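*Asks:* Could you look at this predicted model? Sequence included:
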Protein chains: 2
Amino acid sequence: MSLVDRSVRDLLAAFSSSDPTPGGGSAAALASAVGASLLMMVASLPKTRSGSNEDRALLAEAAELLVRLRRQLADAVDADTIAYDQVVAAYRLPKGTDEEKRARKSAIQRALRSATDVPLGVMRLSALALKRADIVGAHGHPGASSDVGVAAALLHAGMRGARLNVEANVGSIDDEAYKEAVGSEIAALDQVVTKVST
Amino acid sequence: MSLVDRSVRDLLAAFSSSDPTPGGGSAAALASAVGASLLMMVASLPKTRSGSNEDRALLAEAAELLVRLRRQLADAVDADTIAYDQVVAAYRLPKGTDEEKRARKSAIQRALRSATDVPLGVMRLSALALKRADIVGAHGHPGASSDVGVAAALLHAGMRGARLNVEANVGSIDDEAYKEAVGSEIAALDQVVTKVST
């Protein structure tokens, strides 16, 4: 069963168990999905900061993006676990003959790339949601400002958690051009995020 | 139905809806519950940093505490929503007569105190879990260090989120002695947390 279709209680038990998945990558995606959800909530409140049409239009635009980000982040909760399970499976492939060794190495490299791409995607989605935290904070109902603050804290944690997972996997990848591209994107995303004040 | 008995997908939808609960307080408790769960996972792995008996004993001790913290944090996901619903209900009480006004004011004060105590409890539990993040990081399997890092990021976010909720509610409480006690405890918990390096 998909992780997001399980009860919260079951998912907590699954994170706690000594099985390698679900692990930190799925947890980071979940934190960001909750953050995006809280921002959606504030963007959907009938009250806005000033009650102006500008508030309403900017919040509606943010909510439309956030509903998509929330769905993609929820998908990443499962995608990260699937990707990591494939890394574990690839390492367990037979390595008796030279041909087996080559096939195993190539399967490991493919699996590591997915296990890097998924948390890198979580970083990207979290950065997009964080940019909206500023808009929702500036134009949303001031009574919900603590919800915006919690959302930003969760998105920052999701971002950091996803980065730790990118770094844990990209180190074992052989393709130098890919590694460099990942490094540049992480640096660019970090810049976006440190600009977000909320 | 209790929030933690609902599916993750349903809970995300509930956070996203424009209903005031579940809100940031429950989200903060959830983040910390996931953080405590990941630490439990690393503490329960068959491999430890050095394979020594000391590692094993310290990790077993940490796991025993973390299982309790996880349960209490999961309970707080629901408790925060119940407490905040009571605040909303108290503000909606009739205020036609002087007696009604007095009864309403006292109900609001009682409800605000619960809505402060619950996230303060989440701060306390998160701080206890964060202290174990250092132990689990120092003695747990190095291959799981990214999970420890994600756990710490989530516990920090849960701590910060809970603090925003304490501050949002304690401001409207009349009892100055209580307010002061809350302020001192927040400062003490902050000191604990800034010491945690993970």
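*Replies:* Structure received. Note that the structure is predicted; figures quoted are calculated from it, not measured.

*Asks:* going forward, measure contacts between C-alpha atoms and count neighbours the same way
*Replies:* Noted.

*Asks:* From residue A:138, how far off is residue A:146?
*Replies:* Distance, residue A:146 to residue A:138, using Cα to Cα, to the nearest Å: 13 Å.

*Asks:* Compare neighbour counts for those two and give me the winner.
*Replies:* Using other Cα atoms under 10 Å in any protein chain shown as the criterion, residue A:146 and residue A:138 rank with residue A:146 on top: 22 against 19.

*Asks:* what's the pLDDT at residue A:20?
*Replies:* At residue A:20, the pLDDT value in this model is 87.

*Asks:* and the next element down the chain from the helix or strand hosting residue A:78?
*Replies:* Secondary structure from DSSP states H and E places residue A:78 in helix A:53-91. Once the chain leaves helix A:53-91, the next helix or strand it forms, by DSSP H and E, is helix A:98-139.

*Asks:* Off-centre distance for that following helix?
*Replies:* With Cα atoms, centre = their mean, to the nearest Å as the basis, helix A:98-139 stands 8 Å off its chain's centre.

*Asks:* How about stretch A:27-42?
*Replies:* Put simply, stretch A:27-42 sits 10 Å off its chain's centre (Cα atoms, centre = their mean).

*Asks:* quick check, it touching chain B?
*Replies:* Yes - contact of stretch A:27-42 with chain B (Cα under 8 Å from any Cα of the partner chain) involves A:27-28, A:31, A:33-34, A:36-42.

*Asks:* got it, and stretch A:143-151?
*Replies:* Yes - Stretch A:143-151 reaches chain B (Cα under 8 Å from any Cα) through A:146-151.

*Asks:* isn't residue A:120 right up against residue A:163?
*Replies:* Yes - counting by Cα atoms under 8 Å, residue A:163 is a contact partner of residue A:120 at 7.0 Å.

*Asks:* Spatially central residue in chain A, please.
*Replies:* residue A:122 (2.5 Å; Cα atoms, centre = their mean).

*Asks:* The residue of chain A found nearest chain B bridge partners, please.
*Replies:* Of all residues in chain A, the one sitting closest to chain B is residue A:7 (3.9 Å; Cα to the nearest Cα). Beta-bridge pairing for residue A:7 (DSSP bridges): residue B:7.

*Asks:* circling back: by neighbours, which of the residues of stretch A:27-42 next to chain B wins?
*Replies:* Within the residues of stretch A:27-42 next to chain B, neighbour counts (other Cα under 10 Å) peak at residue A:28, which reaches 38 neighbours.

*Asks:* so what's the residue lying farthest from the centre of chain A up against?
*Replies:* Of all residues in chain A, residue A:97 has its C-alpha farthest from the mean position, at 38.6 Å, by Cα atoms, centre = their mean. With contacts defined as Cα atoms under 8 Å, 6 or more residues apart in numbering or on different chains, residue A:97 has no neighbours.

*Asks:* just to revisit the earlier point, quickly list what's touching both of residue A:120 and residue A:163.
*Replies:* Residues within reach of residue A:120 and of residue A:163 at once, by Cα under 8 Å, 6+ apart, are residue A:186.

*Asks:* now the helix or strand of chain A with the lowest mean pLDDT: how far from the chain's centre is it?
*Replies:* Every helix and strand in chain A was compared by mean pLDDT, DSSP states H and E; the lowest is helix A:176-195, with a mean of 91. Mean-position distance between helix A:176-195 and its chain equals 15 Å (Cα atoms, centre = their mean).

*Asks:* which helices and strands sit right next to that helix?
*Replies:* With contacts taken as 3 or more Cα pairs under 8 Å, 6 or more residues apart in numbering or on different chains; DSSP states H and E, helix A:176-195 sits against helix A:98-139, helix A:145-170.

*Asks:* which residues sit against that helix?
*Replies:* A:120, A:123-124, A:127, A:130-131, A:156, A:163, A:170-171, A:173.

*Asks:* Pick the one among these closest to residue A:93.
*Replies:* Using Cα to Cα, residue A:173 is the member of these that lies nearest residue A:93, at 17.5 Å.

*Asks:* was I right about the residue of chain A closest to chain B contacting residue B:4?
*Replies:* Yes - assessed by Cα under 8 Å, residue A:7 is found in contact with residue B:4 at 6.5 Å.

*Asks:* what number of residues lie near the closest residue to residue A:115 other than its chain neighbours?
*Replies:* Nearest non-adjacent residue to residue A:115, counting by Cα to Cα, 6 or more residues apart in numbering or on different chains: residue A:83, 4.9 Å away. Neighbour count of residue A:83, defined by other Cα under 10 Å: 24.

*Asks:* wait, residue A:83 sits on residue A:117?
*Replies:* No - applying Cα under 8 Å as the test, residue A:83 and residue A:117 come out as separate, 9.2 Å apart.

*Asks:* what's near enough to touch residue A:146?
*Replies:* If you count contacts by Cα under 8 Å, 6+ apart, residue A:146 has them with B:24, B:161, B:164-165, B:168.

*Asks:* one more time with 6 Å, if that's ok
*Replies:* Residues in contact with residue A:146, defined by Cα atoms under 6 Å, 6 or more residues apart in numbering or on different chains, are residue B:164.

*Asks:* ok, now how distant is it from residue A:152?
*Replies:* Taking Cα to Cα, one finds residue A:146 at 10 Å from residue A:152.

*Asks:* residue ranges with poor pLDDT in chain A?
*Replies:* A:196-198 (pLDDT under 70).

*Asks:* and it, which residues reach chain B?
*Replies:* Selection of chain A residues close to chain B by Cα under 6 Å from any Cα of the partner chain yields A:4-9, A:15-18, A:24, A:37-38, A:40-41, A:44-45, A:146-147, A:150, A:153-154, A:157, A:161, A:164.

*Asks:* Which among those residues count as buried?
*Replies:* Among the residues of chain A next to chain B, those buried by neighbour count (16 or more other Cα atoms under 10 Å in any protein chain shown) are A:4, A:6-9, A:15-18, A:24, A:37-38, A:40-41, A:44-45, A:146-147, A:150, A:153-154, A:157, A:161, A:164.

*Asks:* Many thanks, have a good one.
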